[in-house]
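*Asks:* sequence first, predicted model second:
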Amino acid sequence: MENPPICNYEGSDYQTSFWETGGRAYEDAAEDVALRRLLPPGGKLMLELGAGAGRNTPRYHGFEQVVLVDFSRTQLEQARERLGEDARYRYVAADVYHLPFVAGLFDGATMIRTLHHMAEPRLALEQTRRVLQSGAAFILEYANKQNLKAILRYTLRRQNWNPFSPEPVEFAALNYDFHPSTVRAWLRMSGFSVRRQLTVSHYRIGLLKKIVPLRLLIWMDSIAQLSGNLWQLSPSVFTLNCAIGETPPAQADTFFACPACASPLQDTPPELVCPSCGRAYPVQGGIYDFRLKGG
Ligand SMILES: C[S@@+](CC[C@H](N)C(=O)[O-])C[C@H]1O[C@@H](n2cnc3c(N)ncnc32)[C@H](O)[C@@H]1O
């Protein structure tokens, strides 16, 4: 398979500039409300895809272990620094399109604010499904092209792309908004059944965030989220999906698999060597590195 392009966050100060000093307290709290509503009460092994600097990781406290996957090593270093030394967390630098795990390993997964960087979203969802057990919960957040602001701009001819049409829109390089019905179709085709939808961040408007007290805005959003199964007009949509179809659970002593040839790997830090293709994957500073060189 040709490697789809990757939106590179290496060296980015995203967590600080976007979340901590970027005036995003409302969006962060609204996402917290959505996650509380959608997360299962508990579980064994959670896969956090595109984990970034671990902003959401503490929210998965019901799971015994969380595996943070991100393509950017520096994002994972920040996550490790923020979350501290904790045996509950494992850090894996890898590409969502080439996940380095055996099939049927996880009983939960999330992908928050990450699908919007995927040029091949369907491929990313299929990879996710492959490493999940049957019945696992998968919480997917995506950026919604059919949001009220886009509809208004399109109606006033301030925007040339159609928010109602099913194809993704790439509004900046490797940044995509998706149509809700298209994402639902991809989920179904990838082996998920869509169980619940929450619309999130309805009031993502600078002026509103300035004049309405934060707690009131979050409360208003938490009410509006509940309309998500009926219509999706917010910029962000959270979906709860269940992995369907038969996937035999991973064998007890297996975990990693070669992202190039899929052979199971022995967990032998500081280096994991594939017995089939001979590729070697280093483990440095507590971070496993499964990024494939040269595609
Ligand atoms: C906008 S950040 C979101 C981080 C985190 N989920 C959050 O909500 O705070 C997107 C993350 O996805 C990661 N990412 C993008 N493409 C990826 C890929 N193909 N494989 C793994 N991670 C990827 C980026 O490195 C980045 O850390």
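*Replies:* Nice, thanks for sending it over.

*Asks:* contacts and neighbour counts: CA atoms only from here.
*Replies:* Fine.

*Asks:* need phi/psi at residue 208.
*Replies:* Here the main-chain torsion angles of residue 208 (degrees, to the nearest 10) amount to phi -60, psi -40.

*Asks:* count of residues packed around it?
*Replies:* Other residues near residue 208 come to 12 when the count uses other C-alpha atoms under 10 Å.

*Asks:* tell me the mean pLDDT for the longest strand anywhere in the chain?
*Replies:* Of all the elements of type strand in the chain, the one with the most residues (DSSP state E) is strand 132-143. The average pLDDT within strand 132-143 is 98.

*Asks:* helix or strand next in line after it, which one?
*Replies:* Secondary structure here is assigned by DSSP states H and E; on that basis, the next helix or strand after strand 132-143 toward the C-terminus is helix 148-155.

*Asks:* moving C-terminal from that next one, which element do we reach first?
*Replies:* strand 169-172.

*Asks:* what about that next one, distance to the chain center?
*Replies:* Taking the mean C-alpha point of strand 169-172 and that of its whole chain, the gap between them comes to 18 Å (C-alpha atoms, centre = their mean, to the nearest Å).

*Asks:* partner strands of it, parallel or antiparallel?
*Replies:* According to DSSP bridges, strand 169-172 forms sheet pairs with strand 175-177 (antiparallel).

*Asks:* circling back: which strands border the longest strand of the chain, and is each parallel or antiparallel?
*Replies:* The partner list of strand 132-143 in its sheet, established with DSSP bridges, is strand 106-111 (parallel), strand 236-243 (antiparallel).

*Asks:* can you give the contact residues for the next helix or strand after the last one?
*Replies:* Of the helices and strands lying after strand 236-243 in sequence (DSSP H and E), the nearest is strand 271-273. Taking C-alpha atoms under 8 Å, 6 or more residues apart in numbering as the criterion, the residues outside strand 271-273 that touch it are 265, 266, 279, 280, 281, 282, 283.

*Asks:* picking up where we left off before, tabulate the strands paired with strand 132-143 (JSON lines), appending distance to the ligand, mean neighbour count and mean pLDDT.
*Replies:* Output for these, formatted as JSON lines (distance: least, C-alpha to the nearest ligand atom, whole Å; neighbours: other C-alpha atoms under 10 Å; pLDDT from 0 to 100):
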{"stretch": "strand 106-111", "distance to the ligand": "7", "mean neighbour count": "25", "mean pLDDT": "98"}
{"stretch": "strand 236-243", "distance to the ligand": "12", "mean neighbour count": "25", "mean pLDDT": "98"}
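
*Asks:* for residue 77, state which of the contacts of strand 271-273 is nearest.
*Replies:* Nearest to residue 77 among the contacts of strand 271-273, counting by C-alpha to C-alpha, is residue 283 at 12.7 Å.

*Asks:* and the stretch 101-250 of the chain, which residues reach the ligand?
*Replies:* For the stretch 101-250 of the chain, the residues in contact with the ligand under the definition C-alpha under 6 Å from any ligand atom are 112, 113, 114, 117.

*Asks:* buried among those residues? Make that a PyMOL selection.
*Replies:* Typed into PyMOL, the next command selects the buried ones out of those (criterion: 16 or more other C-alpha atoms under 10 Å):
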select buried, resi 112+113+114+117
